[in-house]
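>>> Here you go, sequence then predicted model.
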Amino acid sequence: GGPANGSVVVISDTGATATWNETWEYVQPINITEVTPSSGQYGTHVTIKGLGLRAGSNKVSLVRLVGEEASIISESDSEIVVAAGLGPEKSASGNIFLQAETGAEETSSSPGWDYIDRGYITSVIPDQGR
């Protein structure tokens, strides 16, 4: 279902109750719909699109690509742009993990993300010049 408001009712072990009307809101779960590019390495800017990415909160507080924390560049309820973290030395595939400041979390394997092998500079020719 979609978003809905509701009451909070607390019942003690003695049977006493306390009710707060319309004080709790159920929001739609985070739904990741698109990730571009689908692969990259350290520093790659990755755009994550979807619905309810903030899960009813004011911001996304954490993004992980294949278990590695990514730096959040910008974020909204429908789009997050991150820079990929260092990641593994060799290629690896895995989940995208989002956490909103409320603590709501979502892990998506489809779409997921792929780290490609790290690039290395092995020589520079010429090794001097202007």
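That came through, no problem. Numbering: from 1, shown residues only.

>>> From residue 19, how far out is residue 81?
43 Å (C-beta to C-beta, to the nearest Å). Where C-beta positions appear, they are placed from N, C-alpha and C, glycine not excepted.

>>> Tell me which of those two has more neighbours.
Counting neighbours by other C-beta atoms under 10 Å for residue 81 and for residue 19 shows that residue 81 has the greater number, 17 against 10.

>>> Going by secondary structure, that one is in what exactly?
Counting by DSSP states H and E, the element that carries residue 81 is strand 79-83.

>>> Is the residue sitting nearest the centre point of the chain bridged to anything, and to what?
Closest residue to the average C-alpha location of the chain: residue 98 at 2.4 Å, with C-alpha atoms, centre = their mean. Beta-bridge pairing for residue 98 (DSSP bridges): residue 63, residue 106.

>>> need the strands for this structure, in chain order.
Taking DSSP state E to define them, one finds strands in the chain at 4-11, 17-26, 31-36, 39-40, 45-51, 60-65, 68-69, 71-75, 79-83, 92-100, 105-115.

>>> got any ranges where this protein has weak pLDDT?
Low-confidence segments of the chain (pLDDT under 70): 1-3.

>>> any idea how far the residue nearest to the centre of the chain lies from residue 75?
In terms of C-beta to C-beta, residue 98 sits 9 Å off from residue 75.

>>> now residue 39
21 Å.

>>> more crowded one of these two?
More crowded of residue 39 and residue 75, by other C-beta under 10 Å: residue 75, with 19 against 16.

>>> C-alpha coordinates for the strand holding residue 81, CSV please?
In CSV, the C-alpha atoms belonging to strand 79-83 read as follows (Å, rounded to 0.1, in the frame of the first residue of the first chain):
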residue,chain,number,x,y,z
GLU,A,79,17.7,10.8,-7.4
ILE,A,80,21.0,10.4,-5.6
VAL,A,81,24.5,11.1,-7.1
VAL,A,82,27.5,9.5,-5.4
ALA,A,83,31.2,9.0,-6.1
